[in-house]
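> no sequence for this one, just the structure:
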Ligand code: PMP
(Lines give C-alpha, C1' and ligand atoms only; values in the text may rest on other atoms or scores of the structure.)
Protein backbone atom coordinates (compact mmCIF):
# COMPACT_ATOMS: atom_id res chain seq x y z
CA UNK A 1 0.00 0.00 0.00
CA UNK A 2 1.08 3.61 -0.53
CA UNK A 3 2.22 5.73 2.46
CA UNK A 4 -1.15 7.48 2.61
CA UNK A 5 -0.42 9.37 5.81
CA UNK A 6 2.25 11.47 4.13
CA UNK A 7 0.33 11.62 0.83
CA UNK A 8 -2.77 12.93 2.59
CA UNK A 9 -0.71 15.84 3.85
CA UNK A 10 -0.20 16.84 0.20
CA UNK A 11 -3.95 17.49 -0.24
CA UNK A 12 -5.10 20.38 1.97
CA UNK A 13 -8.78 20.00 1.03
CA UNK A 14 -8.92 16.53 2.58
CA UNK A 15 -8.01 17.89 5.99
CA UNK A 16 -11.54 18.95 6.88
CA UNK A 17 -14.76 17.74 8.44
CA UNK A 18 -18.08 17.42 6.65
CA UNK A 19 -21.19 17.29 8.84
CA UNK A 20 -18.85 16.94 11.81
CA UNK A 21 -17.04 13.89 10.42
CA UNK A 22 -13.64 13.52 8.79
CA UNK A 23 -14.20 13.83 5.03
CA UNK A 24 -13.91 10.53 3.17
CA UNK A 25 -13.73 11.57 -0.46
CA UNK A 26 -14.77 8.73 -2.77
CA UNK A 27 -15.91 10.73 -5.79
CA UNK A 28 -12.62 10.67 -7.64
CA UNK A 29 -14.06 9.43 -10.94
CA UNK A 30 -15.98 12.72 -11.10
CA UNK A 31 -12.96 14.81 -10.19
CA UNK A 32 -9.80 14.38 -8.13
CA UNK A 33 -8.43 16.68 -5.43
CA UNK A 34 -5.30 18.72 -6.10
CA UNK A 35 -1.94 18.30 -4.36
CA UNK A 36 0.01 21.27 -3.02
CA UNK A 37 2.55 21.07 -5.88
CA UNK A 38 -0.26 21.66 -8.38
CA UNK A 39 -1.70 24.51 -6.32
CA UNK A 40 1.80 26.00 -6.05
CA UNK A 41 2.39 25.66 -9.82
CA UNK A 42 -0.81 27.61 -10.44
CA UNK A 43 0.18 30.35 -8.02
CA UNK A 44 3.73 30.46 -9.38
CA UNK A 45 2.40 30.86 -12.91
CA UNK A 46 0.20 33.84 -12.03
CA UNK A 47 2.75 35.41 -9.68
CA UNK A 48 5.76 35.15 -11.99
CA UNK A 49 4.96 34.10 -15.56
CA UNK A 50 1.52 35.22 -16.68
CA UNK A 51 1.54 36.53 -20.26
CA UNK A 52 -0.06 35.46 -23.50
CA UNK A 53 2.10 32.93 -25.29
CA UNK A 54 3.75 32.44 -28.69
CA UNK A 55 3.26 35.91 -30.15
CA UNK A 56 5.01 38.10 -27.62
CA UNK A 57 8.46 39.62 -28.06
CA UNK A 58 8.83 40.51 -24.39
CA UNK A 59 10.59 38.40 -21.80
CA UNK A 60 7.50 37.44 -19.80
CA UNK A 61 5.77 36.16 -22.95
CA UNK A 62 8.87 34.12 -23.77
CA UNK A 63 8.96 32.65 -20.26
CA UNK A 64 5.24 31.75 -20.34
CA UNK A 65 5.65 30.20 -23.80
CA UNK A 66 8.59 28.14 -22.61
CA UNK A 67 6.68 26.87 -19.57
CA UNK A 68 3.64 26.02 -21.74
CA UNK A 69 5.71 24.16 -24.33
CA UNK A 70 7.70 22.37 -21.62
CA UNK A 71 4.36 21.13 -20.32
CA UNK A 72 3.55 19.72 -23.73
CA UNK A 73 6.86 17.83 -23.58
CA UNK A 74 5.96 16.47 -20.13
CA UNK A 75 2.60 15.22 -21.42
CA UNK A 76 4.24 13.70 -24.52
CA UNK A 77 6.77 11.87 -22.35
CA UNK A 78 4.03 10.65 -20.01
CA UNK A 79 2.10 9.22 -22.97
CA UNK A 80 5.24 7.98 -24.76
CA UNK A 81 4.11 9.95 -27.80
CA UNK A 82 6.42 9.95 -30.82
CA UNK A 83 6.48 13.76 -30.76
CA UNK A 84 5.14 16.62 -28.65
CA UNK A 85 3.45 17.86 -31.85
CA UNK A 86 0.93 15.06 -31.35
CA UNK A 87 -0.22 16.57 -28.04
CA UNK A 88 -3.11 19.00 -28.54
CA UNK A 89 -4.26 20.92 -25.46
CA UNK A 90 -8.05 20.90 -25.16
CA UNK A 91 -10.60 21.79 -22.52
CA UNK A 92 -10.95 18.12 -21.52
CA UNK A 93 -12.00 14.69 -22.73
CA UNK A 94 -15.28 16.04 -24.08
CA UNK A 95 -13.42 18.74 -26.00
CA UNK A 96 -11.02 16.19 -27.50
CA UNK A 97 -13.73 13.77 -28.62
CA UNK A 98 -15.79 16.57 -30.18
CA UNK A 99 -12.70 17.77 -31.99
CA UNK A 100 -12.09 14.35 -33.56
CA UNK A 101 -15.77 13.82 -34.45
CA UNK A 102 -15.88 17.22 -36.13
CA UNK A 103 -12.70 16.88 -38.16
CA UNK A 104 -13.68 13.40 -39.32
CA UNK A 105 -17.07 14.74 -40.45
CA UNK A 106 -15.44 17.71 -42.19
CA UNK A 107 -12.88 15.51 -43.90
CA UNK A 108 -15.52 13.41 -45.63
CA UNK A 109 -13.85 10.24 -44.33
CA UNK A 110 -17.16 9.18 -42.81
CA UNK A 111 -20.26 9.32 -44.97
CA UNK A 112 -23.64 7.84 -45.72
CA UNK A 113 -23.73 4.07 -45.22
CA UNK A 114 -20.64 4.08 -42.97
CA UNK A 115 -20.73 3.02 -39.33
CA UNK A 116 -19.38 4.43 -36.09
CA UNK A 117 -18.88 1.87 -33.34
CA UNK A 118 -19.15 2.70 -29.63
CA UNK A 119 -19.81 0.44 -26.63
CA UNK A 120 -22.60 0.17 -24.09
CA UNK A 121 -20.09 1.23 -21.41
CA UNK A 122 -19.52 4.71 -22.85
CA UNK A 123 -19.94 8.00 -21.04
CA UNK A 124 -22.35 10.38 -22.83
CA UNK A 125 -19.24 12.31 -23.96
CA UNK A 126 -18.27 9.36 -26.12
CA UNK A 127 -21.78 8.79 -27.48
CA UNK A 128 -23.40 12.13 -28.25
CA UNK A 129 -20.60 13.64 -30.42
CA UNK A 130 -20.77 10.49 -32.58
CA UNK A 131 -24.56 10.65 -32.79
CA UNK A 132 -24.21 14.26 -33.96
CA UNK A 133 -21.61 13.16 -36.53
CA UNK A 134 -24.01 10.46 -37.77
CA UNK A 135 -26.82 13.01 -38.13
CA UNK A 136 -24.54 15.23 -40.19
CA UNK A 137 -23.01 12.56 -42.40
CA UNK A 138 -25.70 9.90 -42.78
CA UNK A 139 -23.53 7.31 -40.99
CA UNK A 140 -25.05 4.84 -38.49
CA UNK A 141 -24.15 4.45 -34.82
CA UNK A 142 -23.55 0.81 -33.80
CA UNK A 143 -23.10 -0.38 -30.23
CA UNK A 144 -21.04 -3.22 -28.76
CA UNK A 145 -23.31 -4.94 -26.22
CA UNK A 146 -22.38 -5.46 -22.58
CA UNK A 147 -22.55 -8.84 -20.85
CA UNK A 148 -24.16 -9.32 -17.43
CA UNK A 149 -20.76 -9.14 -15.70
CA UNK A 150 -20.19 -5.60 -17.04
CA UNK A 151 -17.63 -6.60 -19.68
CA UNK A 152 -18.11 -6.12 -23.41
CA UNK A 153 -19.36 -8.94 -25.61
CA UNK A 154 -16.24 -9.65 -27.65
CA UNK A 155 -18.01 -12.05 -30.04
CA UNK A 156 -20.56 -9.40 -30.90
CA UNK A 157 -17.72 -6.87 -31.31
CA UNK A 158 -15.99 -9.05 -33.90
CA UNK A 159 -19.28 -9.57 -35.75
CA UNK A 160 -19.94 -5.81 -35.77
CA UNK A 161 -16.50 -5.22 -37.29
CA UNK A 162 -17.74 -7.10 -40.37
CA UNK A 163 -19.82 -4.02 -41.28
CA UNK A 164 -18.61 -0.67 -42.60
CA UNK A 165 -17.08 0.60 -39.37
CA UNK A 166 -14.95 3.71 -39.92
CA UNK A 167 -14.09 4.41 -36.29
CA UNK A 168 -14.23 2.58 -32.98
CA UNK A 169 -14.67 5.02 -30.06
CA UNK A 170 -14.05 3.10 -26.87
CA UNK A 171 -13.51 3.86 -23.22
CA UNK A 172 -10.48 2.28 -21.61
CA UNK A 173 -11.99 2.18 -18.11
CA UNK A 174 -15.73 2.50 -17.46
CA UNK A 175 -16.41 5.41 -15.12
CA UNK A 176 -19.64 3.74 -14.01
CA UNK A 177 -18.54 0.13 -13.34
CA UNK A 178 -14.73 0.21 -13.33
CA UNK A 179 -14.57 -2.32 -16.17
CA UNK A 180 -11.17 -2.29 -17.87
CA UNK A 181 -11.57 -2.95 -21.59
CA UNK A 182 -8.91 -4.96 -23.49
CA UNK A 183 -8.05 -1.89 -25.55
CA UNK A 184 -4.90 -3.24 -27.22
CA UNK A 185 -6.67 -6.32 -28.61
CA UNK A 186 -9.77 -4.35 -29.59
CA UNK A 187 -7.63 -1.71 -31.33
CA UNK A 188 -5.80 -4.38 -33.31
CA UNK A 189 -9.10 -5.98 -34.37
CA UNK A 190 -10.58 -2.62 -35.38
CA UNK A 191 -7.48 -1.73 -37.39
CA UNK A 192 -7.58 -5.12 -39.13
CA UNK A 193 -11.14 -4.25 -40.15
CA UNK A 194 -9.96 -0.91 -41.57
CA UNK A 195 -11.36 1.31 -38.80
CA UNK A 196 -9.69 4.13 -36.89
CA UNK A 197 -9.66 3.93 -33.09
CA UNK A 198 -10.24 6.63 -30.46
CA UNK A 199 -9.64 5.72 -26.83
CA UNK A 200 -11.43 7.64 -24.08
CA UNK A 201 -8.79 7.68 -21.35
CA UNK A 202 -10.69 10.02 -18.99
CA UNK A 203 -10.50 7.42 -16.23
CA UNK A 204 -7.43 5.48 -17.39
CA UNK A 205 -5.16 8.53 -17.06
CA UNK A 206 -5.27 8.35 -13.24
CA UNK A 207 -5.06 4.58 -12.84
CA UNK A 208 -2.94 3.03 -15.60
CA UNK A 209 0.33 3.69 -17.40
CA UNK A 210 -0.41 4.99 -20.90
CA UNK A 211 1.88 4.26 -23.81
CA UNK A 212 0.19 5.49 -26.97
CA UNK A 213 2.76 3.84 -29.20
CA UNK A 214 2.29 0.47 -27.50
CA UNK A 215 -1.47 0.92 -27.51
CA UNK A 216 -1.55 1.46 -31.26
CA UNK A 217 -4.75 3.58 -31.33
CA UNK A 218 -5.13 6.69 -33.51
CA UNK A 219 -6.54 9.14 -30.96
CA UNK A 220 -6.64 9.29 -27.17
CA UNK A 221 -8.40 11.89 -25.04
CA UNK A 222 -8.24 12.70 -21.34
CA UNK A 223 -9.05 15.47 -18.84
CA UNK A 224 -6.58 17.05 -16.42
CA UNK A 225 -9.04 17.21 -13.55
CA UNK A 226 -9.29 13.41 -13.35
CA UNK A 227 -5.54 13.22 -12.69
CA UNK A 228 -5.05 15.80 -9.91
CA UNK A 229 -4.89 18.85 -12.23
CA UNK A 230 -7.51 21.62 -12.52
CA UNK A 231 -10.65 21.60 -14.63
CA UNK A 232 -10.67 23.23 -18.06
CA UNK A 233 -7.53 21.54 -19.39
CA UNK A 234 -7.24 18.26 -21.25
CA UNK A 235 -5.31 16.57 -23.99
CA UNK A 236 -6.09 15.05 -27.31
CA UNK A 237 -3.25 12.88 -28.52
CA UNK A 238 -3.47 12.02 -32.21
CA UNK A 239 -1.18 10.23 -34.64
CA UNK A 240 0.71 12.99 -36.50
CA UNK A 241 0.41 11.36 -39.93
CA UNK A 242 -3.36 11.34 -39.51
CA UNK A 243 -3.76 14.80 -37.95
CA UNK A 244 -1.59 16.31 -40.69
CA UNK A 245 -4.08 15.04 -43.26
CA UNK A 246 -7.22 16.07 -41.40
CA UNK A 247 -8.70 19.56 -41.70
CA UNK A 248 -8.70 22.13 -38.90
CA UNK A 249 -11.93 22.63 -36.98
CA UNK A 250 -12.10 25.88 -35.01
CA UNK A 251 -10.65 28.95 -36.66
CA UNK A 252 -8.89 31.77 -34.86
CA UNK A 253 -5.55 33.03 -33.66
CA UNK A 254 -2.54 30.70 -33.54
CA UNK A 255 -4.00 28.05 -35.87
CA UNK A 256 -3.12 30.11 -38.94
CA UNK A 257 0.01 30.69 -40.98
CA UNK A 258 -1.26 33.55 -43.12
CA UNK A 259 -4.63 35.27 -43.37
CA UNK A 260 -6.01 37.44 -46.15
CA UNK A 261 -9.66 38.15 -46.84
CA UNK A 262 -9.42 35.81 -49.82
CA UNK A 263 -7.56 32.90 -48.32
CA UNK A 264 -6.09 31.49 -45.10
CA UNK A 265 -3.30 28.96 -44.76
CA UNK A 266 -3.03 26.89 -41.58
CA UNK A 267 -0.32 26.34 -39.03
CA UNK A 268 1.47 23.04 -38.36
CA UNK A 269 0.65 20.64 -35.56
CA UNK A 270 -0.14 21.03 -32.76
CA UNK A 271 -1.15 24.71 -33.28
CA UNK A 272 -3.48 23.86 -36.16
CA UNK A 273 -5.87 22.50 -33.52
CA UNK A 274 -5.32 25.13 -30.84
CA UNK A 275 -7.27 28.17 -32.03
CA UNK A 276 -7.36 31.08 -29.59
CA UNK A 277 -5.57 31.66 -26.30
CA UNK A 278 -5.26 28.27 -24.59
CA UNK A 279 -5.53 27.47 -20.90
CA UNK A 280 -1.88 28.31 -20.24
CA UNK A 281 -2.03 27.89 -16.48
CA UNK A 282 -3.99 24.64 -16.98
CA UNK A 283 -1.31 23.13 -19.22
CA UNK A 284 1.43 24.11 -16.74
CA UNK A 285 -0.44 22.68 -13.75
CA UNK A 286 -1.31 19.52 -15.70
CA UNK A 287 2.42 18.94 -16.14
CA UNK A 288 2.88 19.50 -12.39
CA UNK A 289 0.15 16.92 -11.70
CA UNK A 290 1.76 14.34 -14.01
CA UNK A 291 5.11 14.98 -12.31
CA UNK A 292 3.42 14.38 -8.97
CA UNK A 293 1.88 11.11 -10.17
CA UNK A 294 5.17 9.94 -11.65
CA UNK A 295 6.96 10.81 -8.42
CA UNK A 296 4.78 8.20 -6.69
CA UNK A 297 4.60 5.83 -9.65
CA UNK A 298 1.44 4.97 -11.58
CA UNK A 299 1.96 1.22 -11.07
CA UNK A 300 2.15 1.71 -7.29
CA UNK A 301 -0.99 3.88 -7.44
CA UNK A 302 -2.81 1.23 -9.47
CA UNK A 303 -1.83 -1.55 -7.05
CA UNK A 304 -2.90 0.57 -4.06
CA UNK A 305 -6.29 1.40 -5.56
CA UNK A 306 -6.85 -2.23 -6.58
CA UNK A 307 -6.34 -3.28 -2.99
CA UNK A 308 -8.90 -0.67 -1.86
CA UNK A 309 -11.48 -1.74 -4.44
CA UNK A 310 -11.04 -5.43 -3.63
CA UNK A 311 -11.44 -4.70 0.10
CA UNK A 312 -14.52 -2.57 -0.55
CA UNK A 313 -16.13 -5.34 -2.62
CA UNK A 314 -15.49 -7.83 0.19
CA UNK A 315 -16.75 -5.45 2.90
CA UNK A 316 -19.98 -4.72 1.01
CA UNK A 317 -20.67 -8.30 -0.10
CA UNK A 318 -22.42 -9.27 3.13
CA UNK A 319 -25.15 -6.61 2.86
CA UNK A 320 -28.53 -8.19 2.12
CA UNK A 321 -29.92 -7.29 -1.32
CA UNK A 322 -26.69 -5.71 -2.60
CA UNK A 323 -25.76 -5.97 -6.25
CA UNK A 324 -22.21 -5.07 -7.27
CA UNK A 325 -21.72 -4.10 -10.89
CA UNK A 326 -18.69 -4.78 -13.06
CA UNK A 327 -16.18 -7.63 -13.17
CA UNK A 328 -13.74 -8.57 -10.38
CA UNK A 329 -10.77 -6.73 -11.98
CA UNK A 330 -12.34 -3.25 -11.70
CA UNK A 331 -10.18 -0.12 -11.77
CA UNK A 332 -11.05 3.17 -10.14
CA UNK A 333 -14.76 2.72 -9.49
CA UNK A 334 -17.08 0.34 -7.67
CA UNK A 335 -20.82 0.63 -8.26
CA UNK A 336 -23.62 -0.96 -6.28
CA UNK A 337 -27.39 -0.97 -5.91
CA UNK A 338 -29.44 -2.27 -2.99
CA UNK A 339 -32.75 -3.94 -3.64
CA UNK A 340 -35.73 -1.81 -2.65
CA UNK A 341 -33.64 1.30 -1.84
CA UNK A 342 -33.04 4.37 -3.96
CA UNK A 343 -29.42 5.20 -4.74
CA UNK A 344 -30.08 8.88 -3.99
CA UNK A 345 -31.30 8.11 -0.45
CA UNK A 346 -28.23 6.00 0.25
CA UNK A 347 -25.93 8.72 -1.14
CA UNK A 348 -27.60 11.38 1.02
CA UNK A 349 -27.18 9.29 4.16
CA UNK A 350 -23.55 8.58 3.32
CA UNK A 351 -22.98 12.30 2.90
CA UNK A 352 -24.35 12.91 6.40
CA UNK A 353 -21.77 10.43 7.65
CA UNK A 354 -18.97 12.37 5.91
CA UNK A 355 -18.64 9.98 2.96
CA UNK A 356 -18.74 11.61 -0.49
CA UNK A 357 -19.90 9.18 -3.20
CA UNK A 358 -21.76 9.78 -6.45
CA UNK A 359 -25.24 8.49 -7.13
CA UNK A 360 -27.25 8.44 -10.35
CA UNK A 361 -26.55 7.44 -13.92
CA UNK A 362 -22.93 8.66 -14.00
CA UNK A 363 -23.54 10.13 -17.51
CA UNK A 364 -24.10 6.57 -18.73
CA UNK A 365 -27.88 6.38 -19.22
CA UNK A 366 -27.72 3.68 -21.94
CA UNK A 367 -25.60 1.50 -19.64
CA UNK A 368 -28.04 2.01 -16.76
CA UNK A 369 -30.94 1.10 -19.08
CA UNK A 370 -29.11 -2.09 -20.13
CA UNK A 371 -29.01 -3.14 -16.48
CA UNK A 372 -32.58 -2.01 -15.78
CA UNK A 373 -31.40 0.73 -13.39
CA UNK A 374 -31.94 4.46 -13.13
CA UNK A 375 -28.69 4.77 -11.23
CA UNK A 376 -26.22 3.24 -8.80
CA UNK A 377 -24.13 4.31 -5.81
CA UNK A 378 -20.53 4.69 -6.96
CA UNK A 379 -17.42 4.87 -4.81
CA UNK A 380 -14.33 5.83 -6.78
CA UNK A 381 -10.79 5.75 -5.47
CA UNK A 382 -7.59 7.76 -5.71
CA UNK A 383 -4.04 7.51 -4.46
CA UNK A 384 -4.88 9.28 -1.16
CA UNK A 385 -7.66 6.89 -0.13
CA UNK A 386 -6.97 4.45 2.69
CA UNK A 387 -8.23 1.13 4.01
CA UNK A 388 -9.73 3.22 6.82
CA UNK A 389 -11.77 5.08 4.17
CA UNK A 390 -13.01 1.75 2.82
CA UNK A 391 -14.04 0.67 6.30
CA UNK A 392 -15.83 3.97 6.98
CA UNK A 393 -17.62 3.71 3.62
CA UNK A 394 -18.72 0.08 4.17
CA UNK A 395 -19.88 0.77 7.73
CA UNK A 396 -21.74 3.90 6.60
CA UNK A 397 -23.45 1.87 3.85
CA UNK A 398 -24.53 -0.77 6.38
CA UNK A 399 -25.91 1.93 8.68
CA UNK A 400 -27.73 3.68 5.81
CA UNK A 401 -29.32 0.42 4.71
CA UNK A 402 -30.41 -0.41 8.27
CA UNK A 403 -31.97 3.05 8.68
CA UNK A 404 -33.70 3.07 5.30
CA UNK A 405 -35.20 -0.40 5.61
N1 LIG B 1 -15.39 9.79 -20.44
C2 LIG B 1 -15.32 9.21 -19.25
C3 LIG B 1 -15.07 7.74 -19.15
C4 LIG B 1 -15.47 9.98 -18.09
O5 LIG B 1 -15.40 9.40 -16.88
C6 LIG B 1 -15.69 11.37 -18.21
C7 LIG B 1 -15.90 12.25 -16.98
N8 LIG B 1 -16.74 11.70 -16.03
C9 LIG B 1 -15.73 11.93 -19.49
C10 LIG B 1 -15.58 11.11 -20.58
C11 LIG B 1 -15.93 13.40 -19.70
O12 LIG B 1 -14.89 14.10 -19.13
P13 LIG B 1 -14.93 15.71 -19.04
O14 LIG B 1 -16.26 16.05 -18.45
O15 LIG B 1 -13.80 16.04 -18.14
O16 LIG B 1 -14.77 16.22 -20.42
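Arrived safely, thanks for sending. Please read these numbers as outputs of a predicted model, since none were measured by experiment. Numbering: from 1, shown residues only.
> so what pLDDT did the residue of the stretch 301-405 of the chain at minimum distance from the ligand get?
The nearest approach of the stretch 301-405 of the chain to the ligand comes at residue 363, 5.9 Å away (CB to the nearest ligand atom). To be clear about C-beta, it is placed using only N, CA and C from the backbone, and glycine gets the same treatment. We have a pLDDT of 98 for residue 363.
> Contacts only, for it.
By CB atoms under 8 Å, 6 or more residues apart in numbering, the contact set of residue 363 is 123, 124, 125, 175.
> now swap in residue 247 and tell me
Neighbouring residues of residue 247 by CB under 8 Å, 6+ apart: 103, 106, 107.
> Tell me how far the first one lies from residue 58.
Okay, so that is residue 103. 34 Å (CB to CB, to the nearest Å).
> Give me every residue in the stretch 201-350 of the chain lying close to the ligand.
202, 203, 223 (CB under 6 Å from any ligand atom).
> So what does the residue nearest to the second one when sequence neighbours are not counted look like in phi/psi?
Right, the one you point to is residue 203. When the adjacent residues along the chain are set aside, residue 203 lies closest to residue 173, with 3.9 Å between them (CB to CB, 6 or more residues apart in numbering). Phi and psi for residue 173, reported as degrees, to the nearest 10, are phi -120, psi 130.
> Double-check residue 173 against residue 181; I have them as touching.
Yes - between residue 173 and residue 181 there is a contact under CB atoms under 8 Å: 7.4 Å.
> burial measure for the residue nearest to residue 203, as a count.
Neighbours of residue 173 under the rule other CB atoms under 10 Å: 25.
> Also residue 308?
Residue 308 is flanked by 24 other residues according to other CB under 10 Å.
> would it count as being in a helix?
Yes - the assignment for residue 308 (DSSP: H, G, I helix; E, B strand; the rest coil) places it in a helix.
> That one contacts residue 381, correct?
Yes - using CB under 8 Å, residue 308 is in contact with residue 381, at 4.9 Å.
> And residue 187, how far from the ligand?
Per CB to the nearest ligand atom, to the nearest Å, residue 187 is found 17 Å from the ligand.
> Show me the helices in the stretch 201-350 of the chain, by range?
Under the criterion DSSP state H, counting those that start in this stretch, helices of the stretch 201-350 of the chain are mapped to 204-207, 212-215, 240-245, 280-296, 298-317, 343-352.
> Tell me where the stretch 1-150 of the chain has strands.
17-18, 21-22, 24-25, 87-90, 115-119, 140-144 (DSSP state E, counting those that start in this stretch).
> Residue 52 is nearest to which of those strands?
Residue 52 lies closest, by CB to CB, to one member of the strands of the stretch 1-150 of the chain: strand 87-90, at 14.4 Å.
> Show residues contacting that closest one.
Residues outside strand 87-90 that contact it (CB under 8 Å, 6+ apart): 72, 75-76, 79, 81, 96, 99, 221, 233-238, 243, 269-270, 273-274, 278-279, 282-283.
> residues in the stretch 51-200 of the chain within reach of the ligand, list them.
Residues of the stretch 51-200 of the chain found near the ligand (CB under 6 Å from any ligand atom) are 92, 93, 94, 123, 125, 126, 171, 175, 200.
> could these go into JSON lines alongside neighbour count?
Shown next, in JSON lines, are these (neighbours: other CB atoms under 10 Å):
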{"residue": "92", "neighbour count": "24"}
{"residue": "93", "neighbour count": "27"}
{"residue": "94", "neighbour count": "21"}
{"residue": "123", "neighbour count": "21"}
{"residue": "125", "neighbour count": "22"}
{"residue": "126", "neighbour count": "25"}
{"residue": "171", "neighbour count": "28"}
{"residue": "175", "neighbour count": "27"}
{"residue": "200", "neighbour count": "31"}
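> Mark which of those residues are part of helices, please.
93, 94 (DSSP state H).
> Which per-residue confidence value corresponds to the residue lying farthest from the centre of the chain?
Largest separation from the mean C-alpha position in the chain: residue 262, at 40.2 Å (CA atoms, centre = their mean). Note for residue 262: predicted pLDDT of 97.
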